[in-house]
Structures are given as structure tokens and as C-alpha cells.
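Asker: Compute the structure for the input listed below.
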Amino acid sequence: MEEQPRPNLKKKNGFARKPRKAGWIIGVTVVSFFLSGSLLLASSSALDGASVYLAVTIVLIIVLIGILFDIIGISVAGAKAAVFHSMAAKKMYGAKHAIWLVRNADKVSSVCNDVIGDICGVISGSASTLIIISIIGNMESNPSSWPSLIVSGAVAALTVGGKAIGKTVAIKKGNEVVYKTGVVLRFLLGKRKSNETT
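Answerer: Sure thing, here's the model as predicted:
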């Protein structure tokens, strides 16, 4: 009796998924390109002629957004789905969305840490340049390089220091961060659905 060929599990489990992964990578790259360019153009237009104080405030907000999403990305990557399955069994608000975040941890982490993080870095850099130009323009003496050094150093220090603190929070309270993110996601999606039905 002729032996039946065994199914190629490697091809089924490995190669069959590559097109999806490739599509995801290409999609994220294209979206990042257009989203980064659009937000950079919008921020440059909004900051054109703005005061130094407004520009500083916008930079701080952008840096905080980058830190927040960095915390979410790291928390999702290290969270355990079993915790949220228990919450979902108790019908806790946002638990199912927390499970979705954990199940899609690779994509969520990529979006939070890479896409949003890099976009925030680009926009904060652009806003910092406008601050430097504004400071130099207001200087009565000959322009020097110290405004550029101070502003660039301050933004870099806030970003690096904030993300260092954020990583500690994500490691110690990762499940709590993921659950709260799930609650926010549930609220936003629920609100969108209610708007679509009206």
C-alpha cells in the first residue's frame, strides 16, 4: 500500500502566514508615511507665527503622548491574557477589549512604539525647531548656538527620561495599564457605534 504524503506543516503554519505579515508591514509603512507627513504639515501650519509659550506647550503635549503610547506598547507586550479572561467572565467593562489588545500584542506594540512614537518624535523635533527660530529671532545680540543646544537637549532629556519612567510603570503595572486602555477603547468604540446608529 502506497504511503500517503504527510501534510507540510511548515508550509501551512509558516509560509501561509507570510503574506499576511508582509501585508501588515507594508500597510503600516504606508500609513506611517502619510500620517507622519500630514501631521508634520498640520503642526508646522499651526505653529507658524505662534508664541514661544504655545510652542513649548505643544512640544510637551507631544512628548507626553509619545511616552503614554510607549507605556501602552510595552504593557501590552508583557501582559497575560488569563488575567483579562477572568475579568471578562465577570463582565467587567473593557475586559474583552483588553483581551483583544493582548492577542494582537505584536501589532499594538508596533503601532504604539514605532508608528506613534516615531511620529511624535518627528513632530516634536519640528516644533522644537520653530521654538529655536523664535528665540533666535527675539535675541537682540548676534544669534548663537546655545538656544538650539538647550531646546534640543531639553526635549531629548524629557523624552528619554519620560520613557525610562514609563518602562518602569509598564513593567510593574502592565496589566493595569492594559485594562485601562481596554476601558478607553471600549468607551471610544461604544461611542462610535452609538453615533453610527443615530
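Asker: my guess is residue 117 meets residue 66, correct?
Answerer: Yes. Residue 117 is within contact range of residue 66, at 5.3 Å (criterion: C-beta atoms under 8 Å). C-beta: built from backbone N, CA, C; applies to glycine.
Asker: So if I had to pick from these two, which one is more boxed in?
Answerer: Each of residue 117 and residue 66 has its neighbours counted (other C-beta atoms under 10 Å); residue 66 has more, 25 against 20.
Asker: by contact count, what packs against the strand or helix carrying residue 107?
Answerer: Assessed by DSSP states H and E, residue 107 sits inside helix 105-109. Counting contacts by 3 or more C-beta pairs under 8 Å, 6 or more residues apart in numbering; DSSP states H and E, helix 105-109 is packed against helix 52-78.
Asker: So for the next helix or strand after the helix it packs on, what gets flagged as buried?
Answerer: Next in sequence after helix 52-78, counting helices and strands by DSSP H and E, comes helix 81-89. For helix 81-89, a neighbour-count test (16 or more other C-beta atoms under 10 Å) marks 81, 83-84, 87-88 as buried.
Asker: again, but for stretch 160-177
Answerer: Buried residues in stretch 160-177 (16+ other C-beta under 10 Å): 162-163, 166, 170, 174-175, 177.
Asker: which two in those are spaced the farthest apart?
Answerer: Checked with C-beta to C-beta, the buried residues of stretch 160-177 reach their widest spread between 162 and 175, with 21.4 Å between them.
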